[in-house]
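Chemist: how would this look folded up:
(chains A and B)
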Amino acid sequence: MATSTTGQMRQLPSASARRAKAPRTEYLIIGNSAGGIAAAEAIREVDREGAITIVSEEPYLAYSRPLISDYLAGERSLDSMLLRLPDFYERNKIEALLGTKVARVDFDHKLIELEDGRRVAWRKLLLATGGTPIIPKLKGSHREGVFTFTTLDDAKKIREAVDRQRKVVVIGGGLIGVSLAQALVHRGVVVVMVELMDRVLGTALDVEASHLVEEALRRKQIEIVLGQTVKEIVGRPEDGRRVGGVILEDGRTMACDGVVFGIGVAPRAELVKGSAVTVKRGIVVDRHMATSCRGVYACGDAAEGYDFVHKTNRPIPVWPNAVAGGQVAGYNMAGRPTRYEGSTGMNALNCFGLSTVAAGLVEPKGDPSCEVLVKPSAANGTYRKIVLKNNRIVGMVFVGDIERSGIVFGLMKDGINVRHFKETLLSPDFGLGSLPDGLRRKRLSLPNSQRSEARGNEE
Amino acid sequence: MRPVYAKEDVCIGCGLCEVYCALAHSISQDLIKAFKKEHPRPLARIRVERTDGLFLPMQCRHCADSPCVYACLTGAMYKDPDSGVVAVEPEKCSGCWTCIMVCPYGAITRDIDRGIVAKCDLCPGRDVPACVANCPNEALVWIEDGAAGRASSLAATAQEGIGGY
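Modeler: The predicted structure follows:
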């Protein structure tokens, strides 16, 4: 147990402000993205009247974060990135405090204090605070022309600068780095990608699929530097304030006009520091998305949700998990007990026309209990891999022909024993028709909500 | 919500549902022009799976709890609150394929030419979806399900009954 934050609240600006009763909301949601919006909708489904307040430091209506690459590429305006119609908040009777940062949370008195001094009291709180871009400590990262790539404002800054930048070094070859590199190429920028691992998308894909993506990136003249990291960002000879190049760990130097950190995000949990809310790598939640502090919930990139492949809680910073977790949190906050089914690492990617889907344990090296089925990559650009453990699917990679990947994902999610038809999983014709009659009928006729009950019967 | 169901023992795998689906989603609405003149070519949103002598026409089930809607990164995929139809707004779709990854029926298709996804919309504006109306063997049925949730039992009945068909 940690100490309370009452001490902090004693430092409020004036005695009168402290005495003034803070306006109270039934449901307070910090964060206005995937998780926050899903939670608000779930709450409204159950409770039509209870006051909902959403606070976000970003000044925008909820928008699609993944689309910031399209925005940077110049293919989209903010209007076409909005997750909901502009009247969403009004229609759902949600008070949106946008462009307002939460300064601190008082868990004992169930209050937040905003940076502008306003306070809001709550009955139930959701921490949908997302992730913070990982920025390694390195010399020269203060220079003009160094960016991160997580929010729309980040994309705006890069877009403004990019026309002056002919060559940009992208640090990180994960999903953020790859989508960023694609967007920059669309803008005609020369891109160098520096990745610490020996391949791109090392946590999302298996080795073979990584190599296929690398080929796709190189075909677009992206230079990929693997097993390396940037040691220092140096200034220009004529103007040291601005980025002029980078020095790699191995001493190599590279001239460039800009540097973007696209390494990834870490759960953003600074608001709960020193509170009763337990934090490991992310905010710890149970299967109802409730934190260790009564009445406080968390979801999305900020939290550690349940992973049904690894059978443990861990941060899985991908959009669909934030939505699923936010929805479960919302139902529970509004008094409809709902259990989070769990999820796993999963990513779909369209990299310069190369379609990939990967989920679960895709590279089970050193796990002898895993069986790996592989259909090697073919000239038509297709590749498929299924990882099994005790005849149950625990990982999958599809490249090229991805249309039936969701069927495999469903079998994985529901823990179906595939012993009798596993050889068909790699077939180009694989579909629901490949499943044994009884199983196929079950999967065709049961709505999703009943699938968990079906699980026991099929084992 | 009533999706289209297939009587798998009745389906002869002719693929006319695919042809008429693509036609229904064409610009010209003319069979020859749609397939010979339209670029990009109109796409079928139903696909007949052909495995081991089994023919199984598959398209979107318009799930009550639609995983594609929750997975959609852009808000393009939505479930119409009134009709229950799961549909995609083409302008908002970014072609990231996340919905394809989570569809347990494999019922969403890449429209590679347009860089977006394509799926069954139950043919808005028609009395009966084109695939059902043009199935020569009445293998495709569009069951009136009445109350929500009964679709599953009706579908099960439809499929159980197939054995003695």
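Chemist: Please state the backbone phi and psi of the residue nearest to A:V55 when sequence neighbours are not counted?
Modeler: Distances taken as C-beta to C-beta, 6 or more residues apart in numbering or on different chains put A:L97 closest to A:V55, at 4.6 Å, once the chain neighbours are dropped. For the C-beta atoms, the positions are set from N, CA and C on the backbone; glycine is no exception. Dihedral pair for A:L97: phi -100, psi 90, per degrees, to the nearest 10.
Chemist: Now do the contacts for A:L97.
Modeler: A:53-56, A:114, A:120 (C-beta atoms under 8 Å, 6 or more residues apart in numbering or on different chains).
Chemist: what kind of secondary structure is the closest residue to A:A276 other than its chain neighbours in?
Modeler: Take A:A276 and drop its neighbours on the chain: the residue closest to it by C-beta to C-beta, 6+ apart is A:C293, 4.4 Å away. Following DSSP: H, G, I helix; E, B strand; the rest coil, A:C293 is assigned to coil.
Chemist: so how many other residues sit close to A:C293?
Modeler: The tally of other residues near A:C293 (other C-beta atoms under 10 Å in any protein chain shown) stands at 21.
Chemist: re the thing from before, nearest to A:G140, of the contacts of A:L97?
Modeler: Closest to A:G140 out of these is A:S56 (31.4 Å), distances taken as C-beta to C-beta.
Chemist: Would you confirm that the closest one contacts A:G31?
Modeler: Yes. In this structure, A:S56 is within contact of A:G31 by C-beta atoms under 8 Å, at 6.2 Å.
Chemist: The two: which is more packed in?
Modeler: A count of neighbours by other C-beta under 10 Å puts A:G31 above the other of A:S56 and A:G31, at 29 against 24.
Chemist: so who does that one touch?
Modeler: A:54-56, A:126-130, A:300, A:302.
Chemist: Show me chain B divided up by domain.
Modeler: With domains defined by automatic domain parsing, chain B comprises B:1-59+B:130-165, B:60-119.
Chemist: Out of those, which gets nearest to A:M193?
Modeler: Closest approach to A:M193 among the domains of chain B is made by domain B:60-119 (19.8 Å; C-beta to C-beta).
Chemist: Relative to the whole chain's centre, how far out is that closest one?
Modeler: Between the centre of domain B:60-119 and the centre of its chain there are 11 Å (C-alpha atoms, centre = their mean, to the nearest Å).
Chemist: what about that domain, start to end distance?
Modeler: Criterion C-alpha to C-alpha, to the nearest Å; first-to-last residue distance in domain B:60-119 is 7 Å.
Chemist: Equivalent analysis for stretch B:90-107, please.
Modeler: Start-to-end, stretch B:90-107 (C-alpha to C-alpha) is 17 Å.
Chemist: Point out where the stretch 1-150 of chain A drops to low pLDDT.
Modeler: The model of the stretch 1-150 of chain A has pLDDT under 70 over residues A:1-20.
Chemist: all strands of it, in order?
Modeler: For the stretch 1-150 of chain A, the strands defined by DSSP state E, counting those that start in this stretch cover A:24-30, A:52-56, A:94-98, A:102-106, A:111-114, A:119-127, A:131-133, A:146-148.
Chemist: right, and A:L201 touches A:A181 too?
Modeler: No. The criterion here is C-beta under 8 Å, and A:L201 misses it with A:A181 at 11.4 Å.
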